[in-house]
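A.B. asks: sequence first, then the predicted structure:
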Amino acid sequence: MDFTYRGRCWKFGDNIAVDGDMMPLEFALQRETRLEVLGPHLMGGLDPDFAKKAKPGDIIVAGKRFAQGNPHIQGLLGVAALKLGLVVESIPRGSFRNAINAGAPILPRCPGVTGMADTGDALEVDFAAGRFRNLTRCTEAQFEPLDPSLLETIAIGGWKAKVLARVAKMKAAAG
């Protein structure tokens with residue numbers, strides 16, 4: 001997997017909720033996990049047309065407590081469905097785990113990043129190295145990258161794909 005994303009910035013502020021802002025609560029209540037169902041609803045509480053406008057490789061830049069509230073995975077699965085990256089000032093632990101489990105590339109601790117980009121800016125983010133470049137402003141910042149084991153989980157497509165691969169490997173070894 002190429003952990004360098006190049007695309008448009010979609011900037012959101014602080015305290016973006018999983019339920020309501022990122023994804024309708026009904027999908028969590030229904031335990032919906034199909035990417036093709038969730039993707040079209042991503043960020044619909046803030047911008048009903050977001051999923052139609054965002055393109056694979058685009059990057060959501062958000063402030064403090066991104067994906068707050070109940071740690072439902074549906075909003076983060078929506079990010080993965082649209083093949084977007086996440087660069088956030090902070091994220092609650094449960095939602096951070098859900099981003100990894102969903103297979104969504106993320107830089108979770110990027111203080112001040114919302115001041116470094118605006119919606120529409122051209123960005124390049126290397127999630128493996130923690131490098132954030134705003135190509136529109138000709139600026140660059142370095143943030144703490146994810147641990148390689150977390151990048152491995154994202155690269156394979158999230159927790160489910162990782163478990164299935166591990167089970168297949170165990171079965172093959174057992175003969």
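C.D. replies: Done, it's in. Numbers count the residues shown, from 1 in each chain.
A.B. asks: centre of the chain to whichever helix in the chain runs longest, how far?
C.D. replies: For the chain, the helix that runs over the most residues, judged by DSSP state H, is helix 159-174. Between the centre of helix 159-174 and the centre of its host chain there is 25 Å, according to C-alpha atoms, centre = their mean, to the nearest Å.
A.B. asks: for the nearest residue to residue 156 once chain neighbours are set aside, which residues are in contact?
C.D. replies: In space, and not counting its chain neighbours, residue 156 is closest to residue 162: 5.1 Å by C-beta to C-beta, 6 or more residues apart in numbering. Where you see a C-beta, it was placed from the backbone N, CA and C, and this is true even at glycine. By C-beta atoms under 8 Å, 6 or more residues apart in numbering, the residues touching residue 162 are 152, 153, 156.
A.B. asks: what's the answer for residue 159, then?
C.D. replies: Residue 159 touches 100, 101, 153, counting by C-beta under 8 Å, 6+ apart.
A.B. asks: what does residue 75 give?
C.D. replies: Counting by C-beta under 8 Å, 6+ apart, residue 75 has contacts 18, 19, 21, 22, 23, 42, 67, 95, 98.
A.B. asks: and with 6 Å instead?
C.D. replies: Contact analysis of residue 75 by C-beta atoms under 6 Å, 6 or more residues apart in numbering lists 18, 22, 23.
A.B. asks: just residue 30 next, same as before
C.D. replies: Contacts of residue 30 (C-beta under 6 Å, 6+ apart): none.
A.B. asks: could you redo the last one with a cut-off of 10 Å?
C.D. replies: 24, 37, 74 (C-beta atoms under 10 Å, 6 or more residues apart in numbering).
A.B. asks: and residue 80, by the same measure?
C.D. replies: Counting by C-beta under 10 Å, 6+ apart, residue 80 has contacts 35, 38-39, 42, 73, 86, 99, 101-105, 154, 157-158.
A.B. asks: swap in 6 Å and give it another go.
C.D. replies: Residue 80 makes contact with 102, 103, 104, according to C-beta under 6 Å, 6+ apart.
A.B. asks: narrow the residues you listed to just the buried residues.
C.D. replies: 102, 103, 104 (16 or more other C-beta atoms under 10 Å).
A.B. asks: SS state for residue 155?
C.D. replies: helix (DSSP: H, G, I helix; E, B strand; the rest coil).
A.B. asks: and the lengthiest strand in the chain, what does it pack onto?
C.D. replies: The longest strand of the chain (DSSP state E) is strand 4-11. Here strand 4-11 touches strand 59-62, strand 122-126, going by 3 or more C-beta pairs under 6 Å, 6 or more residues apart in numbering; DSSP states H and E.
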